[in-house]
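Asker: what's the 3D shape of this:
(one chain, ligands or ions: 1)
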Amino acid sequence: MSENPSLSNLLKEERRFAPPAELAAQANVTAEAYEQAKADRLGFWAEQARRLTWATEPTETLDWSNPPFAKWFQDGRLNVAYNCVDRHVEAGNGDRVAIHFEGEPGDSRSITYAELKDEVSRAANALLELGVRKGDRVAVYMPMIPETAIAMLACARIGAAHSVVFGGFSADALATRIEDADARVVITADGGYRRGKPSALKPAVDDAVSREGTTVEHVVVVRRTGQEVAWTEGRDVWWHELTQKQPAEHTAEAFEAEHPLFILYTSGTTGRPKGILHTSGGYLTQVAYTHWSVFDLKPETDVYWCTADVGWVTGHSYIVYGPLANGATQVMYEGTPDTPHQGRFWEIVQKYKVSILYTAPTAIRTFMKWGDDIPAKFDLSSLRVLGSVGEPINPEAWIWYRKHIGGDRTPVVDTWWQTETGGIMISPLPGVTEAKPGSAQRPLPGIAATVVDDEATEVPDGGGGYLVLTEPWPSMLRTIWGDDQRFLDTYWSRFEGKYFAGDGAKKDDDGDIWLLGRVDDVMLVSGHNISTTEVESALVSHPSVAEAAVVGAADETTGQAIVAFVILRGTAAETADLVGELRNHVGATLGPIAKPKRILPVGELPKTRSGKIMRRLLRDVAENRQLGDVTTLTDSTVMDLIQEKLPAAPSED
Ligand code: WT7
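Answerer: Below you'll find the model as predicted:
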């Protein structure tokens, strides 16, 4: 990206949004936090660690004597579950609702912190009865129900690391993850509700644990849907039978700050899944701090809702650990945004008076496509902060989110982070930052991030390159489970002494950071580096386009040619004129070099189950290749429809 600095800043965004005065006046964090953390970064994190209740206070903040293997707060001892549950009860907040659970079929249930304490204690006693001990691993393969959070906290309480596997993954994916982590127990459910029907989970577990050499001794099954399940006596146990007979008392033992808390697998684009290891004290410090600062959380009055699945890191850090460590009241929703109707999210916001909403750009673009009239039917006036995570948010989607969901008054915080970073790293602060649609803007206080070129030299403002993290942070991954060498090779070898995130990024003239997608997605057209994200944002800024995915396809003359797949908005008709207009629109927005060679209107885009567009498959289509692995797609028929369209599409030369 370095050879064409003029092209690294194609997208211009002039709109600015100051923090609302009322919010700024009582914001949890002021601009001083940046100064304070800059003057004494470790002192800043030591202070944040005091948000937690330690059995033994740490005296040492960071041991970085053997980089990149960090030890944060290593002589401190604490229990993570105690911090997320018991201490709120002891502080007199036992009656506060921890979780408002909303099932997809409409059943609901509210759980207070006092009730959560009893449930987590029972589940901890139950795991002990099954022989699970400190240092063991437990796999969790669950729908979005409170028992999932309870199971994770029960593991944390007894010092067993959980490995949550997303409930949409196959038996094979589950088996690989169980095997890699040597899990002794699997916690699952008979099933969950998905798009109006019960879907099964237990058969995949039965399949996964029936393989040769399995380490699994017990399968604990939550009854959610009541559907028939196959049963293996001696191995399988019902959650309700096992937990109900346990005492609601369990004394939480304190563990070292660096005791493993969980393993979470990221698949990446190639190779075996990587077991990302997170530990206790530093992780909890950063997720608690960032949940409090980035969302301006007021635990007494806010109702927070993160729409992610607990199977992803967003669910770990911003449904379970961050919000509960902060004593927040939150909504947990089992289902999809379109069941039973396309206003379901807004109905939930209205019902619980949600004040902080955290969701993903893919969801926001879907809501845009469904139309402004849907959210307009609901009372969304309780909202005061909106968050986004998972991919770059196109400026147009950002504007739509603020306007149609946030009533043109709420700040939108675009939060950049990764499974590996454990917590939010780059984000505006809602009471401090003048927001720019589409940019994650600045590293949070205590975080050091920048953009470098191929030679690891920091680029000046206005330049583009690779996003790196230049100082260790408390919630950083500690290694890849069982594979230190892969940890070094993947993240620490590209740029000496720096963590390479794998994302392309640019700095604008104010020094604000813009994320440009995974570096594998950057295109090289006639010697110019062009980011897929920028071309997609340009397309989405046209009123006829709801969503866009751009890839570089091999091209004899230009090296790569830009091919765009677009989903049109409800009313737009697919005509050759419109395609021409879209090309010109991109040309006018970014410059002629960025004009797509081909634009194909399609009905859907291929996405992973976490909502990321699978550009790799679109590249296969654009290059007329046999499709690669489609097993992680949400809906594999999408690709057939896209392939059918291809020959008919006009191409411009
Ligand atoms: C990758 C990490 C972080 C939880 C969910 C995803 C992309 C994430 C943003 C953002 C631009 C983003 C990056 C990153 N990403 N948030 N706000 N702006 N890109 O976790 O599955 O580990 O994916 O998601 O490419 O590297 P993950």
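
Asker: Up against the ligand, what does the stretch 101-250 of the chain have?
Answerer: Selection of the stretch 101-250 of the chain residues close to the ligand by CB under 6 Å from any ligand atom yields an empty set. To be clear about C-beta, it is placed using only N, CA and C from the backbone, and glycine gets the same treatment.

Asker: and the residue of the stretch 101-250 of the chain nearest the ligand?
Answerer: Of all residues in the stretch 101-250 of the chain, Phe166 sits closest to the ligand, with a separation of 10.8 Å (CB to the nearest ligand atom).

Asker: Excluding chain neighbours, what is closest to that residue?
Answerer: Gly311 (3.0 Å; CB to CB, 6 or more residues apart in numbering).

Asker: Make sure that neighbour is actually in contact with Val164.
Answerer: Yes: shown here, Gly311 and Val164 form a contact pair, counting by CB atoms under 8 Å, at 5.5 Å.

Asker: Tell me which of those two has more neighbours.
Answerer: Between Gly311 and Val164, counted using other CB atoms under 10 Å, Val164 has the larger neighbour count: 28 against 24.

Asker: need the contact list for the more buried one.
Answerer: With contacts defined as CB atoms under 8 Å, 6 or more residues apart in numbering, Val164 is in contact with Ala139, Val140, Tyr141, Met142, Thr148, Met152, Phe262, Leu264, Val310, Gly311, Gly315, His316.

Asker: quick one: which two of the residues you listed are the most distant?
Answerer: Spatial extent of those (CB to CB) is set by the pair Ala139 and Gly315 at 15.5 Å.

Asker: and those two? which has more neighbours close in?
Answerer: Applying other CB under 10 Å to Ala139 and Gly315 shows that Ala139 carries more neighbours, namely 29 against 23.

Asker: list the helices and strands the helix or strand hosting the more buried one packs on?
Answerer: Assigned by DSSP states H and E, Ala139 falls within strand 137-141. Helices and strands touching strand 137-141, as assessed by 3 or more CB pairs under 8 Å, 6 or more residues apart in numbering; DSSP states H and E, comprise helix 146-158, strand 161-164, helix 171-181, strand 185-189.

Asker: average pLDDT for the longest helix along the chain?
Answerer: Taking DSSP state H as the criterion, the chain has its longest helix at helix 113-129. When pLDDT is averaged along helix 113-129, the result is 98.

Asker: again, but for stretch 140-157
Answerer: Confidence for stretch 140-157, expressed as mean pLDDT, is 98.

Asker: how would you label the closest residue to His542 other than its chain neighbours: helix, strand or coil?
Answerer: Using CB to CB, 6+ apart and skipping residues adjacent in sequence, the residue nearest His542 is His585, 4.8 Å away. Applying DSSP: H, G, I helix; E, B strand; the rest coil to His585 yields a three-state assignment of helix.

Asker: I'd guessed His585 sits against Pro543; true?
Answerer: No: look at His585 against Pro543 with CB under 8 Å: they stay out of range, at 9.6 Å.

Asker: returning to what we had before: and the longest helix of the chain, how far out from the chain middle?
Answerer: How far helix 113-129 lies from its chain's middle: 27 Å, per CA atoms, centre = their mean, to the nearest Å.

Asker: tell me which residues of it are tucked away?
Answerer: For helix 113-129, the buried set under the neighbour-count rule, 16 or more other CB atoms under 10 Å, comprises 113-128.

Asker: and the angle from that helix to strand 185-189?
Answerer: Direction vectors for helix 113-129 and strand 185-189, defined by axes from the mean of the first three to the mean of the last three CA atoms, to 10 degrees, enclose an angle of 130 degrees.

Asker: State the distance from Gly463 to the ligand.
Answerer: Counting by CB to the nearest ligand atom, to the nearest Å, the gap between Gly463 and the ligand amounts to 18 Å.

Asker: Quick check: end-to-end length of stretch 465-475?
Answerer: 25 Å (CA to CA, to the nearest Å).

Asker: circling back to that earlier point, roughly how far does the residue nearest to Phe166 sit from Leu174?
Answerer: With distances defined as CB to CB, to the nearest Å, the gap from Gly311 to Leu174 amounts to 11 Å.

Asker: returning to what we had before: so the residue nearest to Phe166 lies in a helix, does it not?
Answerer: No: the assignment for Gly311 (three-state DSSP) gives coil, which keeps it out of a helix.

Asker: Tell me who's in contact with it.
Answerer: Contact analysis of Gly311 by CB under 8 Å, 6+ apart lists Met142, Val164, Val165, Phe166, Gly167, Gly168, Phe169.

Asker: tell me which parts of this structure are close to the ligand?
Answerer: With CB under 6 Å from any ligand atom as the criterion, the chain comes near the ligand at residues 266, 312-314, 389-392, 414-419, 440, 501-503, 515, 518, 610.

Asker: still on that earlier bit, can you name the residues that contact the residue of the stretch 101-250 of the chain closest to the ligand?
Answerer: Shown here is Phe166, whose contacts under the criterion CB under 8 Å, 6+ apart are Asp309, Gly311, Trp312, Arg609, Ser610.

Asker: helices or strands up against the helix or strand of the chain with the lowest mean pLDDT?
Answerer: Lowest on mean pLDDT, DSSP states H and E among the helices and strands of the chain sits helix 637-645, with a mean of 80. Contact here means 3+ CB pairs under 8 Å, 6+ apart; on that basis helix 637-645 packs against strand 598-601, helix 615-622.

Asker: Between Gly311 and Leu174, which contacts overlap?
Answerer: Counting by CB under 8 Å, 6+ apart, the residues touching both Gly311 and Leu174 are Val165.

Asker: what's the helix or strand for Gly423?
Answerer: Assignment of secondary structure by DSSP H and E places Gly423 within no helix or strand.

Asker: Between the two ends of stretch 449-464, how far is it?
Answerer: End-to-end for stretch 449-464, by CA to CA: 14 Å.

Asker: roughly how far is it from the heart of the chain?
Answerer: Per CA atoms, centre = their mean, the centroid offset for stretch 449-464 relative to its chain is 25 Å.

Asker: Most neighbours out of the contacts of Phe166, which is it?
Answerer: Using other CB under 10 Å as the contact criterion, the top neighbour count among those goes to Gly311, which has 24 neighbours.

Asker: Report whether Asp454 is found in a strand, as I expect.
Answerer: No: under the criterion used here (three-state DSSP), Asp454 is coil, not part of a strand.

Asker: quick one: contacts for Tyr333?
Answerer: For Tyr333, the contact set (CB under 8 Å, 6+ apart) comprises Phe101, Glu102, Glu104, Met144, Trp305, Thr307, Phe345, Ile348.

Asker: unless I'm mixing things up, the fourth one is touching Ala308, no?
Answerer: No: at 9.2 Å, Met144 does not count as touching Ala308 under the criterion of CB under 8 Å.
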